[in-house]
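A.B. asks: Coordinates for the following, if possible.
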Amino acid sequence: MRWRPSLIIALSFLLVIITGSILLSLPISSAKGISTNYLDAYFTANSATCVTGLVVLDTGTHFSLFGLFVILCMIQIGGLGYMTFSTFLVMVFRKKMFISDKMLIMEALNIYSSRDVVAILRKIFGIVFVVEGIGAIILFLRWLPELGAKKALLYGVFHSVSAFNNAGFALPANFANLSPYVTDWTINLTITSLIIIGGIGFLVIADILQFRRWSLHSKLAVTTTLILIVCGTIAYFFLEYNSTLASLALPNKMLASYFQAVTPRTAGFNTLDMGKILPATGLIVIFLMFVGANPGGTGGGIKTTTFALVASTIWATLRNSRDTILFNRRVPAENVRRAFAITILSLVVISIPIFVLTRVENFGIMPVAFETVSAFGTVGLSMGITPMLSSVGKIIIIIVMYVGRVGPLTLLLALASSQKDSRIEPPKEGVSIG
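C.D. replies: The predicted model follows:
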């Protein structure tokens with residue numbers, strides 16, 4: 001196929017979503033044995049494949065075991081990318097990868113060199129199964145006394161896969177997510193660890209496991225991740241101390257603050273009611289959701305490295321520096337330009353749906369903005385308005401989730417006509433700025 005990799009990636013996600021939506025609409029996928037409204041089934045399939053976690057149906061009670069299995073498969077495929085899965089199968093059965101296969105994986109996982117594709121792909125699947133397996137065992141043992149072997153196994157596997165892939169789907173009834181376990185240290189620390197490992201990016205994990213000198217990408221991704229988690233935890237703790245954290249003891253306040261600081265990084269789990277947080281806290285959570293996880297991981301958002309490049313370039317401009325310098329390395333102008341393009345396109349992508357939703361829905365600007373950014377960042381946090389959205393509102397959020405998972409720049413490149421760069425350079429002339 002001579003299609004651009006970006007177009008193939010965009011269509012592959014759409015193929016998985018459509019297939020999953022058809023399966024979820026069947027009576028066998030419902031706990032009551034009846035067909036599910038197709039729009040709701042499509043919304044769920046879209047949310048699972050885009051590893052978002054926004055739900056219009058109560059996952060733990062509406063779907064049968066078969067339905068949950070379908071959701072779990074879509075989360076796993078969506079988290080790693082359909083092209084990653086299909087290329088891995090090609091590698092397993094054909095034992096050889098063509099250059100077109102490598103180009104697809106490079107585009108899907110933001111890998112710089114085709115030379116490393118096969119090795120990285122093997123490591124990715126090894127990491128996935130090991131980490132998800134360990135998480136599932138810990139959660140199974142925690143839930144075993146409370147739920148019994150069968151249900152504990154379901155809970156362990158489902159939440160481990162959901163957390164590692166930053167999906168945010170949870171099984172407790174009545175849209176409770178993980179709020180019944182707000183003070184449970186085992187569940188909180190296991191879930192957050194899975195979220196961080198899944199969202200930190202496979203290139204970073206490869207650097208860590210090989211004990212080699214970290215690349216600039218890994219240094220920037222890890223540093224930005226730590227700063228956002230620490231600052232988010234401190235901000236949530238002090239802002240919500242006498243609000244959503246009021247009923248908790250001090251150690252549990254710290255635990256809940258840490259959990260709520262990690263999950264906006266595109267994971268979507270919550271142990272506190274997001275509909276009751278203060279407006280100032282809501283703005284911080286929106287910012288964390290917009291930034292998201294690291295490139296090459298299972299999360300969404302504009303990515304930590306994009307935010308770091310934009311912030312560093314602005315700082316360099318204020319210092320009248322010509323180049324963006326990070327960790328004593330000069331960042332190429334092409335990287336900086338791409339970072340700004342992604343950030344501006346993303347702001348446009350979330351601004352238009354927010355405007356439209358305020359016109360078609362009867363909700364305030366804060367819950368609408370929160371919902372939209374959550375959908376774009378493939379987070380899954382909500383102030384409680386998702387099940388109450390109209391059909392038009394659901395369709396808008398579906399589109400935002402899809403664009404957020406595929407990436408606005410990737411989607412535009414997929415839709416844009418191919419045009420070769422001209423070797424002729426026009427005359428240079430400056431314009432007034434500021």
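
A.B. asks: make it CA atoms for all contacts and neighbour counts henceforth
C.D. replies: OK.

A.B. asks: so Y258 makes contact with I229?
C.D. replies: Yes. If you go by Cα atoms under 8 Å, Y258 and I229 touch, sitting 7.4 Å apart.

A.B. asks: got a pLDDT number for S12?
C.D. replies: At S12, the model reports a pLDDT of 80.

A.B. asks: do the same with P427
C.D. replies: For P427, the model assigns a pLDDT of 81.

A.B. asks: Next, the contact list for it, please.
C.D. replies: Applying Cα atoms under 8 Å, 6 or more residues apart in numbering, we find P427 in contact with no residue.

A.B. asks: Kindly indicate whether it is helix, strand or coil.
C.D. replies: Classification of P427 by DSSP: H, G, I helix; E, B strand; the rest coil places it in coil.

A.B. asks: Give me the local confidence score for the residue nearest the centre of the chain.
C.D. replies: Closest to where the C-alpha atoms of the chain average out (Cα atoms, centre = their mean) is G299, at 2.7 Å. G299 is assigned 75 on the pLDDT scale.

A.B. asks: And for I342?
C.D. replies: Looking at I342, its pLDDT is 89.

A.B. asks: which residues of the protein fall in strands?
C.D. replies: Assigned by DSSP state E, the chain shows strands spanning 325-326, 329-330.

A.B. asks: Quick check: which ranges of the stretch 201-350 of the chain have low pLDDT?
C.D. replies: 211 (pLDDT under 70).

A.B. asks: what ranges do the helices span in it?
C.D. replies: All helices of the stretch 201-350 of the chain, identified by DSSP state H, counting those that start in this stretch, fall at 202-209, 216-239, 250-262, 279-291, 304-318, 333-360.

A.B. asks: Make TSV out of those helices and add distance to I71 and mean neighbour count.
C.D. replies: Below are the helices of the stretch 201-350 of the chain laid out as TSV (distance: least, Cα to Cα, whole Å; neighbours: other Cα atoms under 10 Å):
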stretch	distance to I71	mean neighbour count
helix 202-209	23	18
helix 216-239	28	18
helix 250-262	23	22
helix 279-291	23	21
helix 304-318	28	18
helix 333-360	26	16
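
A.B. asks: ok, now which ones touch G78?
C.D. replies: If you count contacts by Cα under 8 Å, 6+ apart, then G78 has F13, A48, T49, C50, V51 around it.

A.B. asks: re the thing from before, please render the helices of the stretch 201-350 of the chain as a markdown table that adds distance to A170 to the earlier fields.
C.D. replies: Converted to a markdown table, those look like this (distance: least, Cα to Cα, whole Å):
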| stretch | distance to A170 |
| --- | --- |
| helix 202-209 | 24 |
| helix 216-239 | 22 |
| helix 250-262 | 15 |
| helix 279-291 | 19 |
| helix 304-318 | 25 |
| helix 333-360 | 25 |
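
A.B. asks: How far off centre is stretch 160-180?
C.D. replies: Between the centre of stretch 160-180 and the centre of its chain there are 14 Å (Cα atoms, centre = their mean, to the nearest Å).

A.B. asks: That one: which residues count as buried?
C.D. replies: 160-172, 175-179 (16 or more other Cα atoms under 10 Å).

A.B. asks: Give me the phi and psi for the residue nearest to the centre of the chain.
C.D. replies: Here is the backbone geometry of G299 (degrees, to the nearest 10): phi -100, psi -180.

A.B. asks: and G300, how many neighbours does it have?
C.D. replies: 36 (other Cα atoms under 10 Å).

A.B. asks: Confirm for me that it is in contact with V379.
C.D. replies: Yes. At 7.4 Å, G300 counts as touching V379 under the criterion of Cα under 8 Å.

A.B. asks: Pull up the overlap in contacts between the two.
C.D. replies: Common contacts of G300 and V379 (Cα under 8 Å, 6+ apart): R265, T266.

A.B. asks: Excluding chain neighbours, what is closest to F269?
C.D. replies: G168 (4.7 Å; Cα to Cα, 6 or more residues apart in numbering).

A.B. asks: and what of T44?
C.D. replies: With Cα to Cα, 6+ apart, the residue lying closest to T44 is V55, at 6.2 Å.

A.B. asks: A333 versus that neighbour, what's the distance?
C.D. replies: From V55 across to A333, the span is 40 Å (Cα to Cα, to the nearest Å).

A.B. asks: angle of the biggest helix by length in the chain against helix 202-209?
C.D. replies: Using DSSP state H to define each element, the chain has its longest helix at helix 117-147. Taking axes from the mean of the first three to the mean of the last three Cα atoms, to 10 degrees, one finds helix 117-147 and helix 202-209 inclined to each other by 90 degrees.

A.B. asks: Counting by contacts, list what helix 117-147 packs against.
C.D. replies: helix 99-109, helix 149-164, helix 185-199, helix 202-209 (3 or more Cα pairs under 8 Å, 6 or more residues apart in numbering; DSSP states H and E).

A.B. asks: Identify whichever of the ones you listed lies nearest to V403.
C.D. replies: Distance to V403, taken as Cα to Cα, is lowest for helix 99-109 among the helices and strands packed on helix 117-147, at 14.4 Å.

A.B. asks: Now do the nearest residue to T271 once chain neighbours are set aside against E361, distance only.
C.D. replies: Spatial nearest neighbour of T271, chain neighbours left out: S179 (3.7 Å); criterion: Cα to Cα, 6+ apart. According to Cα to Cα, S179 stands 27 Å off from E361.

A.B. asks: And for I325?
C.D. replies: Noted for I325: a distance of 45 Å to E361, by Cα to Cα.

A.B. asks: Check I344 too.
C.D. replies: Remark: distance between I344 and E361 (Cα to Cα) = 26 Å.

A.B. asks: what's around R329, how many residues?
C.D. replies: Neighbours of R329 (other Cα under 10 Å): 10.

A.B. asks: Report the beta-bridge partners for it.
C.D. replies: Beta-bridge partners of R329, counted by DSSP bridges, are L326.

A.B. asks: Can you read off the backbone torsions of the residue lying closest to F169 once chain neighbours are set aside?
C.D. replies: Closest residue to F169 apart from its sequence neighbours, by Cα to Cα, 6+ apart: G53 at 4.9 Å. Backbone torsions for G53, taken as degrees, to the nearest 10, come to phi 110, psi 0.

A.B. asks: Go ahead and confirm M74 touches L15.
C.D. replies: No. Using Cα under 8 Å, M74 makes no contact with L15, being 11.0 Å away.

A.B. asks: Give the rounded mean pLDDT of stretch 180-191.
C.D. replies: Stretch 180-191 comes out at a mean pLDDT of 94.

A.B. asks: quick one: buried residues of that stretch?
C.D. replies: Result for stretch 180-191 [16+ other Cα under 10 Å]: buried residues Y181, V182, T183, D184, I187, N188, T190, I191.
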